[in-house]
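**Q** my questions concern the predicted model and sequence given below.
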Amino acid sequence: MTLRQYASACTIAVCISVIGVSALLAEGTAAPSVSRVEVVLADRLKSQVAAVREEFAQAGLTNVHFQFAKLGQPPQNIGLGRDVPAELAREAIRLALKYNLGVGILLPERLFPPRFVTIASSNYDDTVESRIDRAALAQLQNPELTTDEFHRLYREFTSSSADLKGRY
């Protein structure tokens, strides 16, 4: 074996071992159950952001990014990705009810990455919004629902076609 072939073989062996170790390490680490939470809060809550962030963290929602509405109250909506665990989805709903004064609109999970949560987003128009009443929202908050049952119900509530009278 020549020196060049020996060096190439060593380089390949090092690369394979690095890839193998990386794969082994990645196999042992679990993906976060919620990758990102985006929340729009009323401007009046700007001074309380540290306490609000702490409450989200205690609820298991740690990667939270806040924005603040300059005027008025942000929209009372929530959007959840298809892989958000039911217990964390219920916590997101609870926090939306507390800090956004309610949840009256669900955004379909097909619009979001699998482990994504958005609260009070103004990025979506009424063509994708699904109105939800208190009784339906209470069904989603049922602690007996598994993650699959929760998302099946969520999809049911967001699959109705929007009534596009008015602007459209």
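**A** Structure's in. What do you need?
**Q** and the closest residue to residue 115 other than its chain neighbours, what does it touch?
**A** Using C-beta to C-beta, 6 or more residues apart in numbering and skipping the chain neighbours, the partner closest in space to residue 115 is residue 35 (4.1 Å). C-betas here are computed from N, CA, C, even on glycine. Residue 35 makes contact with 63, 113, 114, 115, 116, according to C-beta atoms under 8 Å, 6 or more residues apart in numbering.
**Q** could you dump the residues you listed to CSV with pLDDT?
**A** Shown next, in CSV, are those (pLDDT from 0 to 100):
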residue, pLDDT
63, 95
113, 96
114, 96
115, 96
116, 97
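**Q** thinking again about what came up before, do you know how far the residue nearest to residue 115 is from residue 154?
**A** 18 Å (C-beta to C-beta, to the nearest Å).
**Q** what does residue 116 give?
**A** On the measure of C-beta to C-beta, residue 116 and residue 154 end up 13 Å apart.
**Q** pLDDT below threshold where in the protein?
**A** Under the criterion pLDDT under 70, the flagged ranges of the chain are 1, 3-32, 160-168.
**Q** got the domain ranges for it?
**A** Domain assignment for the chain, taken from automatic domain parsing, gives 1-30, 36-158.
**Q** buried deepest among these, which one?
**A** domain 36-158 (a mean of 17; mean count of other C-beta atoms under 10 Å).
**Q** kindly check the end-to-end length of it for me.
**A** Distance between the two ends of domain 36-158: 21 Å, counting by C-alpha to C-alpha, to the nearest Å.
**Q** same thing with stretch 112-123?
**A** End to end - C-alpha to C-alpha - stretch 112-123 spans 12 Å.
**Q** surely residue 121 meets residue 107?
**A** Yes. Look at residue 121 against residue 107 with C-beta atoms under 8 Å: they come within range, at 7.2 Å.
**Q** from what I can see residue 132 touches residue 102, true?
**A** No. Here residue 132 does not reach residue 102: they are 10.1 Å apart, not a contact under C-beta under 8 Å.
**Q** do a quick rundown of the strands in the protein.
**A** Per DSSP state E, the chain carries strands over the ranges 36-42, 64-69, 77-80, 105-107, 116-119, 130-131.
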